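# fold the following and give me the result.
(one chain, ligands or ions: 2)
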Amino acid sequence: MSSTFKLNNTDSFGNGDAKSLCPNPVNGFSDSISLSEKAVQELLIQQSPMQATDDHLIEFSEALRTVAKALRGAAEGKALAQAEAAEWKRRYELERSKNVELQHKELSNGVCANESKNPRMEHIVKSPRLHAQENSSTNGMERICSHEVLQDGGFNSSNNKLKRKASFKLSWGCKGMANDQHKKEIVSFERGNISTAERSSKQISLTWESDPQTVLIITKPNSTSVRVLSVDMVRWLRAQKGLNIYVEPRVKAELLSESSSFNFVQTWEDDKEISLLHTKVDLLITLGGDGTVLWAASMFKGPVPPIVPFSMGSLGFMTPFHSEQYRECLEAILKGPISITLRHRLQCHIIRDKARHEYETEETMLVLNEVTIDRGISSYLTNLECYCDNSFVTCVQGDGLILSTTSGSTAYSLAAGGSMVHPQVPGILFTPICPHSLSFRPLILPEHVTVRVQVPFNSRSSAWVSFDGKDRKQLEAGDALVCSMAPWPVSTACQVESTNDFLRSIHDGLHWNLRKTQSADGPQDA
Ligand SMILES: NC(=O)c1ccc[n+]([C@@H]2O[C@H](COP(=O)([O-])OP(=O)(O)OC[C@H]3O[C@@H](n4cnc5c(N)ncnc54)[C@H](O)[C@@H]3O)[C@@H](O)[C@H]2O)c1
Ligand SMILES: Nc1ncnc2c1ncn2[C@@H]1O[C@H](COP(=O)(O)OP(=O)(O)OP(=O)(O)O)[C@@H](O)[C@H]1O
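Ligands and ions are numbered 1, 2, ... in the order given. From the prediction side, this is the model:
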C-alpha cells in the first residue's frame, strides 16, 4: 500500500511540484529546475541501499529516475528556448530597421512640388519620383504639397508619351495655430509649464494644383446595377471631362461587349503593370460596397491615389457618395477642394520558422481594416504569444485575435467587442475573438508600435491569418506575424467632412444607440 501511495505521491510530485518547476509560459523557465534535479539525485543516492530487496522501492527509484530525466530535458529545453528568443529578437530588430530605412527612403525622395517648375524638371522626368515638402501657410493651415512627374514607361503604346500626374496640396486646420509657440512643436515647455498643441489632423482638405487627367474605376463584380452605372460613368467622364480612364480587364471586356467605341478605355495585363498604376492615376473611383474599397486599396502596395467611393452595397461605412448623383459629385471632386479622411493601413509580414536563417520574409501585406489570426478549422483554442515592441503583452487563448486599424474598428473588431474609433485617430486595435478568460478586454495601442504575434512551439495546433478577410495563410508552430503602421494611408473623399461622415455611418449603418425617446408624462423630479 505504502509503495502505491509513494508512486501516486511521485506522480503528484510530477504534476504538482512540476507546476513550479515547469517553464512558466509568461515569465520563462524557473531556476528551481536545476535545484529540484539535484534534490532528486540526492534522494536517489540516499535511498538506493535500501531498495535492493524491495521491489516497490525499485519501482519508486525508477520513477524518480524518470523524473530526473524529464527535468534534464526541461533544462535543455530552456537553453533552446533562450537561443530561440535571441534569434527572434535579432530578426525583429532587423525588421524594425528595414521599416525605418524604408521610411527614410520615402522621405529622402521628397522634394517640393514647386521644383517641378524649375529647370531641374528634366532630370526629374528621367527618374519618376514623388516630391513632397511641408510648407506652412499664412492662414493658420498646415500644408503638404505633392507633385508627381513621370515618364510613362507604360503598358499601352498609344499612351507612351510624357504624362504629368495632377498635383494637389493637402491642408489641415489646427486651433493652436494662432499661437506661434505651437506651430512646430506638439509639446512645448516654457517657464516650467508644459502645454500641448492640438496635434490631430482635424479636417484635411485636398486642393488640385493642376487638373486631374486620369481616373481608375474599380467595380464590384456580378452586379447588373454596377455594370449599368459603370458604362454610363465611363461615357460621361470621357465625353464631358475628356479624362483617360483605366478599368479592370474584366470591366474592359464588359464595356467592349456593349460597344466597340469603348476601345479608348485602358487596362493592364499583369501585376507589374498594376504596381505602376499609382504613377498614372489621379483619382480612384469605386462602385460597390466597403468590400470594393478594400479591394481597390489592396491593389496598391505603396501610395494610393485619393478614392471616391460610390455606395452600391448594403452597408457602406466607407462609401458616402450616392451613385444617383454621381455627375454632380464628380464635378465637385474634379474641381476641388475635397474634404478627405486619411485612413491608416497596417503592414504585415509573416516570418516563417523554417526560414529563420533567411532575412527575406514573405510578401508584405497591407490592410485597411484588419489582420486576423484565428483557429481556422481547428477545434482547439488558439495559443498566440503577443509582443508589443518586444514587451510581452499576453497569450491569447480563445478563437483568435484581431489587429485592426481605426477604419476597421467598425467591422470585425466591433463584432468581437472592440470599440468604435474615429478613422483619423491613429492607433492599432488589439481585439481578442472569444477569449477564454473573463478578464481579457480589448486594447488600443499607439500607432508607432510594432506588434508580433507568434504561435509557440508547444501549441496544439497551427493558426490562420487573413488580411481584410482574404488571402488566408497558415501559421505553423514557431511562425510569427509582425505588424506595424504602414507609411501609405488611403485617402477617401468625404461627403461632408470626416467626423460628420463617420457619425452618419454609425447612425445609418448600425442604428447606433437608437431608442425611442422617453415621454415626458411620467414621474417628475420634485
Ligand atoms: N463577424 C464579423 O463581423 C466579420 C466576420 C468576418 C469578416 N468581417 C469583415 O468583413 C471585412 C471584409 O469585407 P468584405 O466586404 O470583403 O466581406 P463581406 O462581403 O463578407 O462583407 C462584410 C461586411 O462588413 C462590412 N464592412 C467592411 N468593412 C467595414 C468597415 N470598415 N466598417 C464597417 N463595416 C465594414 C461590409 O460593408 C459588409 O457588410 C473584413 O475586413 C472584416 O472586417 C466581419
Ligand atoms: N473589383 C473587384 N474584384 C474582385 N472582387 C471584388 C471587387 N470588388 C469587390 N469585390 C469583392 O466582392 C465582395 C462584395 O463586395 P462589396 O462588399 O463591395 O459589396 P456588397 O457586399 O454588396 O456591399 P456591402 O459590403 O456594403 O454589403 C467583397 O468580398 C469584395 O472583396
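
# CA only for contacts and neighbour counts going forward, please
Noted.

# tell me what the longest helix anywhere in the chain is packed against?
Secondary structure assigned by DSSP state H gives helix 55-108 as the longest helix of the chain. Taking 3 or more Cα pairs under 8 Å, 6 or more residues apart in numbering; DSSP states H and E as the contact definition, the neighbouring helices and strands of helix 55-108 are helix 2-12, helix 32-51.

# what's the burial count for S223?
Under the neighbour criterion other Cα atoms under 10 Å, S223 is assigned a count of 12.

# what's the pLDDT at it?
At S223 the predicted local distance difference test score is 96.

# check contacts around P306.
By Cα atoms under 8 Å, 6 or more residues apart in numbering, the residues touching P306 are D282, L283, L284, V490, S491, T492, A493.

# take those residues and keep only those in strands.
With strands defined by DSSP state E, the entries of those inside them are L283, L284, V490, S491, T492, A493.

# picking that back up, what's the least confident stretch among the helices and strands packed on helix 55-108?
Of all those, the minimum mean pLDDT falls on helix 2-12 (a mean of 33).

# what about burial for the contacts of P306, which qualify?
A residue is treated as buried here by neighbour count (16 or more other Cα atoms under 10 Å); on that basis the buried members of those are D282, L283, L284, V490, S491, T492, A493.

# up against ligand 2, what does the protein have?
Residues of the chain that fall close to ligand 2, judged by Cα under 6 Å from any ligand atom: 218-221, 288-292, 295, 313-316.

# what's the helix or strand harbouring S188 packed up against?
Secondary structure assigned from DSSP states H and E places S188 in strand 187-190. Applying 3+ Cα pairs under 8 Å, 6+ apart, one finds that strand 187-190 contacts strand 193-196.

# now for the strand it packs on, which elements pack on it?
With contacts defined as 3+ Cα pairs under 8 Å, 6+ apart, the packing partners of strand 193-196 are strand 187-190.

# what stretches of the protein score poorly on pLDDT?
By pLDDT under 70, the weakly predicted segments of the chain are 1-53, 103-163, 173-186, 198-202, 357-361.

# which strand in it runs the most residues?
Ranked by number of residues, the top strand in the chain under DSSP E is strand 391-404.

# contact partners of it?
Counting by Cα under 8 Å, 6+ apart, the neighbours of strand 391-404 from elsewhere in the structure are 26, 346, 369-375, 381-387, 412-413, 428-437.

# pull out the buried positions in it.
Of the residues in strand 391-404, those with enough neighbours to count as buried (16+ other Cα under 10 Å) are C395, V396, Q397, G398, D399, G400, L401, I402, L403, S404.

# kindly export the strand holding S188 (C-alpha atoms) in PDB.
This file holds the C-alpha atoms of strand 187-190, laid out as PDB (Å, rounded to 0.1, in the frame of the first residue of the first chain):
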ATOM      1  CA  VAL A 187       4.600  69.500 -26.700                       C
ATOM      2  CA  SER A 188       6.200  72.800 -25.600                       C
ATOM      3  CA  PHE A 189       7.800  73.700 -22.300                       C
ATOM      4  CA  GLU A 190       8.000  77.300 -21.200                       C
END
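
# coming back round to it: among the residues of the chain next to ligand 2, name the ones that also lie close to ligand 1.
Of the residues in the residues of the chain next to ligand 2, proximity to ligand 1 by Cα under 6 Å from any ligand atom holds for G289, D290, G291, L315, G316.

# what about the helices in this protein?
Counting by DSSP H, the chain forms helices over residues 2-12, 18-21, 32-51, 55-108, 121-126, 224-241, 249-258, 271-276, 290-298, 326-335, 412-415, 498-510, given from the N-terminal end onward.

# surely E269 meets P249?
Yes. Taking Cα atoms under 8 Å as the contact criterion, E269 and P249 are neighbours in contact, 7.4 Å apart.

# more neighbours: which of those two?
When neighbours are counted by other Cα under 10 Å, P249 comes out ahead of the other of E269 and P249, with 15 against 10.
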